[in-house]
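S.K.: Just a sequence and a predicted model for now, questions to come.
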Amino acid sequence: MTDNTDVLSNAELPAVRFLLGFCSRFGPAAGPLNAGQWRACCGALSSLDAAYEELENQTFKAFVDKYFTLLMDVPSQAVPGAQLSFKHLYVVYAYSVGCKIGDNFMQGFRGGVWPDAYSYLHVRSDTWKDMWDLFANGYDWIYQDSRIGTWAAMNTAQYIPIIFEFATVPSVDPITTWRDGFTNDVLQAWASQWSDFSDDDKRLVADHAKTVVRRPTSPVWKQATDDIMQAWAAAPPPEVIHRASGPVISTPDNTFPNLAITDGNDAVNAAEGVLAKWTDFPAVQAATAPAWGGTLTDEAKALLRDSSALSGDQYFFLLHLLIALACGDADSARLAHTIAYAHAPSKEYDKDFFINQLIYLVLMNLADPLGSANTHAQLQQFVSDCAGILPASDAGKLIATALAPQVKILQADTSYPLQDAYAAIDAQFYARKTDTGDALDAARKTIAGSLP
């Protein structure tokens, strides 16, 4: 783990790339958002919150902290007079999804696909209160002395051996991850502990698990959520939250005489009604735009003004920082473009731009047999990963233009960049690395001198 502000560890790269991908989709340079994107954005934000735990670089962590701080209090008129903001509506979203989670698959049973219809929850008719109480405080379940809820426990969706029962107690092999594309932080459930289940059963478990909305754990968002849950614990605003106390349908059983079933239909329908009025959601884009100023731009300018020669690790970080800036507001994207477009001539490439030389040096450092020693396939994947997280800003397009020929060369020449048939002079690998680093160092000084 590193506490540095200008290097990245291998362990945090997936989280950093996820952050940059989020910024390219929802940041200021993504173009105007529309009201219908709130659900996709909330899902992606949930995954970003999970990725935060794996971020080590303090520059990027500070950026996410600032972004979340601005995000929490973006106001909404979804329910006029209720004084709602993003943080409240995210809780409504989580509640609407949480109320769809039942412990028994009642429509279709084994061999089917988890339905859009809501599942029923087995409860005790003498202790059941309502869906909000389950969501906020948890509920002592009638099976196996288990407890379902609270929302906080839903960070880990762990299934107990009875195939269709849902327990939220983190235990052995929790099936949580944000890396596999599920925006709710739950990995598709093909765990070894279910090796004796059929593929259909596993698929049902996976589909069920994917309905969980992750409760935030990053410091800023967690505190905002905790404050809401404390304020709403016993009496959530009725115009925002439907408690859904029933109907509770009695189903007498010899083993469980108080067994009943209920569902969260009323809660879900009411919550979705509130969320449908979240038409001012696009305001989050402008409200969070200032997050790109300060931490990210300050770090970029500090690297430019550093009079010493930067290390390969620092230039690797700078490439990712430029992508982040290109996703940002006008000033941040302009800074990224200024840096990327600066002239940075070397002996091998005497008319090249900073971004071309930067990518070239990064690839050489990754391929260095005495350094990272990446395989050719890994170099191709790296370029592909970077190309996939670029925004539509002018700076983003400039970086994309610089990456495009690297993709073609890596496809055509498996010896590249250890050997380079395209360089103006026939220099050895380590001489090219040194020349490229020197060219970037000289260009940084020129760019720094032009900054206000």
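M.R.: Received the coordinates, thanks. Keep in mind that what you see is a predicted model, and the values were worked out from it rather than measured.
S.K.: Excluding chain neighbours, what is closest to residue 64?
M.R.: residue 52 (5.6 Å; Cβ to Cβ, 6 or more residues apart in numbering). Placement of C-beta: from N, CA and C, glycine included.
S.K.: Roughly how far does the one you found sit from residue 303?
M.R.: Residue 52 sits 23 Å away from residue 303, going by Cβ to Cβ, to the nearest Å.
S.K.: Comparing these two, which residue is more hemmed in?
M.R.: Each of residue 52 and residue 303 has its neighbours counted (other Cβ atoms under 10 Å); residue 52 has more, 24 against 19.
S.K.: That one touches residue 62, doesn't it?
M.R.: No - using Cβ atoms under 8 Å, residue 52 is not in contact with residue 62; the gap is 11.3 Å.
S.K.: Can you show me the strands along the stretch 251-400 of the chain?
M.R.: When secondary structure is read from DSSP state E, counting those that start in this stretch, the stretch 251-400 of the chain shows strands at 259-262.
S.K.: do the stretch 1-150 of the chain as well
M.R.: Under DSSP E, counting those that start in this stretch, the stretch 1-150 of the chain gives strands at 75-76, 84-85, 121-124, 139-140, 147-148.
S.K.: Okay, residue 72 and residue 275: tell me how far apart.
M.R.: Counting by Cβ to Cβ, the gap from residue 72 to residue 275 is 17 Å.
S.K.: okay, those two: which has more neighbours?
M.R.: residue 72 (21 against 17).
S.K.: show me what contacts the residue nearest to residue 64?
M.R.: 15, 61, 64, 217, 218 (Cβ atoms under 8 Å, 6 or more residues apart in numbering).
S.K.: If we use 10 Å, what do you get?
M.R.: Contacts for residue 52 (Cβ atoms under 10 Å, 6 or more residues apart in numbering) come out as 15, 18-19, 60-61, 64-65, 68, 178, 216-222.
S.K.: Quick check: it vs residue 322, distance?
M.R.: Residue 52 sits 21 Å away from residue 322, going by Cβ to Cβ.
S.K.: now residue 125
M.R.: In this view, residue 125 and residue 322 are 61 Å apart by Cβ to Cβ.
S.K.: More neighbours: the two, which one.
M.R.: Remark: of residue 125 and residue 322, residue 322 carries more neighbours, 23 against 17, as counted by other Cβ under 10 Å.
S.K.: The closest residue to that one other than its chain neighbours: neighbouring residues, count only.
M.R.: In this structure, residue 322 finds its nearest non-sequential neighbour in residue 336, 5.0 Å apart by Cβ to Cβ, 6+ apart. Neighbours of residue 336 under the rule other Cβ under 10 Å: 31.
S.K.: doesn't residue 397 make contact with residue 336?
M.R.: No - the criterion here is Cβ atoms under 10 Å, and residue 336 misses it with residue 397 at 11.0 Å.
S.K.: anything in contact with each of these two?
M.R.: 326, 391.
S.K.: just to revisit the earlier point, just the buried ones among the contacts of residue 52, please.
M.R.: Among the contacts of residue 52, those scoring as buried are 15, 18-19, 60-61, 64-65, 68, 178, 216, 218, 220-222 (criterion: 16 or more other Cβ atoms under 10 Å).
S.K.: and the residues you listed as JSON lines, adding distance to residue 440?
M.R.: Converted to JSON lines, those look like this (distance: Cβ to Cβ, whole Å):
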{"residue": "15", "distance to residue 440": "26"}
{"residue": "18", "distance to residue 440": "27"}
{"residue": "19", "distance to residue 440": "24"}
{"residue": "60", "distance to residue 440": "21"}
{"residue": "61", "distance to residue 440": "26"}
{"residue": "64", "distance to residue 440": "28"}
{"residue": "65", "distance to residue 440": "30"}
{"residue": "68", "distance to residue 440": "33"}
{"residue": "178", "distance to residue 440": "34"}
{"residue": "216", "distance to residue 440": "39"}
{"residue": "218", "distance to residue 440": "34"}
{"residue": "220", "distance to residue 440": "35"}
{"residue": "221", "distance to residue 440": "37"}
{"residue": "222", "distance to residue 440": "40"}
